[in-house]
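# Sequence and predicted structure below; questions after.
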Amino acid sequence: MKKGIHPENYRPVVFKDMSNGDVFLSRSTCNTKETIEFEGETYPLVKLEISSTSHPFYTGKSKLVDTAGRVDKFMSRYGNRKK
């Protein structure tokens, strides 16, 4: 890498997919307050709602990922309306 073009906090970070629990290590500048033990080392943790391991485009499976209850909220507002 060229010197002086990357931020100072460019470091290894663990990303966790909250929909299926998959964990992977990469390098990032993401700010986070949480840490996790991964392969015997402690790394900063970034939680993701969806990643390539759970996204239907990459998995080939049509699966509904609703971590915040958005579908239920929509159905409670608009699901019972009749035309």
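Great, that's in hand.
# could you pull out the helices for this protein?
Taking DSSP state H to define them, one finds helices in the chain at 56-59, 70-78.
# Alpha carbons of the last one, in CSV - could you do that?
This points to helix 70-78. Coordinates of each C-alpha in helix 70-78 appear next as CSV, following Å, rounded to 0.1, in the frame of the first residue of the first chain:
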residue,chain,number,x,y,z
ARG,A,70,-41.3,-4.1,9.3
VAL,A,71,-43.6,-6.5,7.6
ASP,A,72,-45.9,-6.9,10.6
LYS,A,73,-45.9,-3.1,11.0
PHE,A,74,-46.9,-2.7,7.4
MET,A,75,-49.6,-5.3,7.6
SER,A,76,-51.1,-3.8,10.8
ARG,A,77,-51.3,-0.4,9.0
TYR,A,78,-52.4,-1.3,5.5
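# Which other helices and strands does that helix contact?
Using 3 or more C-beta pairs under 8 Å, 6 or more residues apart in numbering; DSSP states H and E, no helix or strand is in contact with helix 70-78. No exception for glycine: its C-beta is placed from N, CA and C like everyone else's.
# Buried ones in it, by neighbour count?
Neighbour counts over helix 70-78 (16 or more other C-beta atoms under 10 Å) mark no residue as buried.
# so where's this structure uncertain?
Flagging of the chain using pLDDT under 70 yields the residue ranges 1, 55-68, 80-83.
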